[in-house]
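Colleague: Sequence and predicted structure are below.
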Amino acid sequence: MAVDLNHTIVPSRNKRRSAEFLGGILGLRVGKDWGPFTPLETANGVTLDYMEAEAVQPNHYCFIVSEQEFDEIFGRITEQGLPYWADPGHHTPGEVNHLYGGRGFYFDDPDGHNMEVITAPYA
């Protein structure tokens, strides 16, 4: 039996703003609200379902993309002047990492979630 991730709930202080922020960075379309959720679907069908919450405990979300998509995403980050880091602890600002033969970086969304974009999977 194959097990796939279908969706995850992303807590947010403003679900539409946060979904549109990440969708804009990643080049993804934000879906219509469905009940308490604002969905953002990735290419492999996994949905990040943004839901409003009074208190948000930041989480980590990683997205694997092609080299071309990386360039486009990184371009949107730099065009908007958003801070980014080479590491998850945010100790190396303004740099891209080159782990496992790929490229990667981290940035925060409006709720403090630690977003990661990589071009090569980790071992």
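Modeller: Yep, that arrived.
Colleague: Could you use CA atoms for every contact and neighbour count after this?
Modeller: Noted.
Colleague: Help me confirm that D71 is found in a helix?
Modeller: Yes: counting by DSSP: H, G, I helix; E, B strand; the rest coil, D71 is part of a helix.
Colleague: Can you report how many residues lie near it?
Modeller: D71 has 13 neighbours, counted by other CA atoms under 10 Å.
Colleague: now I9
Modeller: Taking other CA under 10 Å as the criterion, the count of residues near I9 is 14.
Colleague: Skipping adjacent residues, who's closest to it in space?
Modeller: D49 (4.7 Å; CA to CA, 6 or more residues apart in numbering).
Colleague: was I right about that neighbour contacting T8?
Modeller: Yes: between D49 and T8 there is a contact under CA atoms under 8 Å: 6.0 Å.
Colleague: still on that earlier bit, tell me the confidence at the residue nearest to I9?
Modeller: On pLDDT, D49 comes in at 98.
Colleague: cool, and the one 10 residues further on?
Modeller: Looking at N59, its pLDDT stands at 97.
Colleague: so who does it touch?
Modeller: Contacts for N59 (CA atoms under 8 Å, 6 or more residues apart in numbering) come out as 112-114.
Colleague: Mind checking which of those are buried?
Modeller: The neighbour count (16 or more other CA atoms under 10 Å) marks 113-114 as buried among the contacts of N59.
Colleague: Is the closest residue to P93 other than its chain neighbours bridged to anything, and to what?
Modeller: Using CA to CA, 6+ apart and skipping the chain neighbours, the partner closest in space to P93 is W85 (4.3 Å). On the basis of DSSP bridges, W85 takes part in beta bridges with P93, Y106.
Colleague: Quick one: neighbours of W85, just the number.
Modeller: By the criterion of other CA under 10 Å, W85 has 20 neighbours.
Colleague: my guess is it contacts R103, does it?
Modeller: No: using CA under 8 Å, W85 is not in contact with R103, being 11.9 Å away.
Colleague: Spit out the residues that contact these two alike.
Modeller: Overlap of the contact sets of W85 and R103 (by CA under 8 Å, 6+ apart) consists of V96.
Colleague: G75: helix or strand, and which one exactly?
Modeller: Per DSSP states H and E: G75 is located in helix 67-79.
Colleague: No further questions, thank you.
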